[in-house]
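[1] only the shape, not the letters, is given here:
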């Protein structure tokens, strides 16, 4: 019983004050103005653009980011890299706890999650991060 009483504060402290886990980090580059972006999305509903402070994202953006993070498990674990085809404008590299993947807007064979990540990236960059692209 005494051991359980002594352990309780340690267990309670372990759950407090920790930083939220990253859902994913996307690095976007490209041949158009404003293409360069490093977006970090955390599981507590915040995001950081280009190393700036964390800002709150909408519930909808968080839900889509969590869905994307789950769907990214397989492509990132297998380190999928899809080469760009002619006419590519934007390139993406995403990192999750499972690994990393890379593709461009013109890559063949993109799984639907790559399109979802590109959309969340643009929405968060333009919305909460207040960037042009």
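    Thanks, I have the structure now. Just so we're clear, the structure is a prediction, and the values are computed from it rather than from any experiment.

[2] tell me the spacing between residue 45 and residue 38.
    19 Å (Cβ to Cβ, to the nearest Å). The way it works is simple: take the backbone N, C-alpha and C, and place the C-beta from them, glycine included.

[3] who has more neighbours, those two?
    residue 45 (20 against 15; other Cβ atoms under 10 Å).

[4] surely that one and residue 54 touch.
    No - in this structure residue 45 lies outside contact range of residue 54 using Cβ atoms under 8 Å: 9.6 Å.

[5] now for whichever helix or strand residue 41 is part of, which elements pack on it?
    Applying DSSP states H and E as the criterion places residue 41 in strand 37-42. When contacts are defined as 3 or more Cβ pairs under 8 Å, 6 or more residues apart in numbering; DSSP states H and E, strand 37-42 packs onto strand 22-30, strand 46-49, helix 112-126.

[6] which of these sits closest to residue 80?
    helix 112-126 (8.7 Å; Cβ to Cβ).
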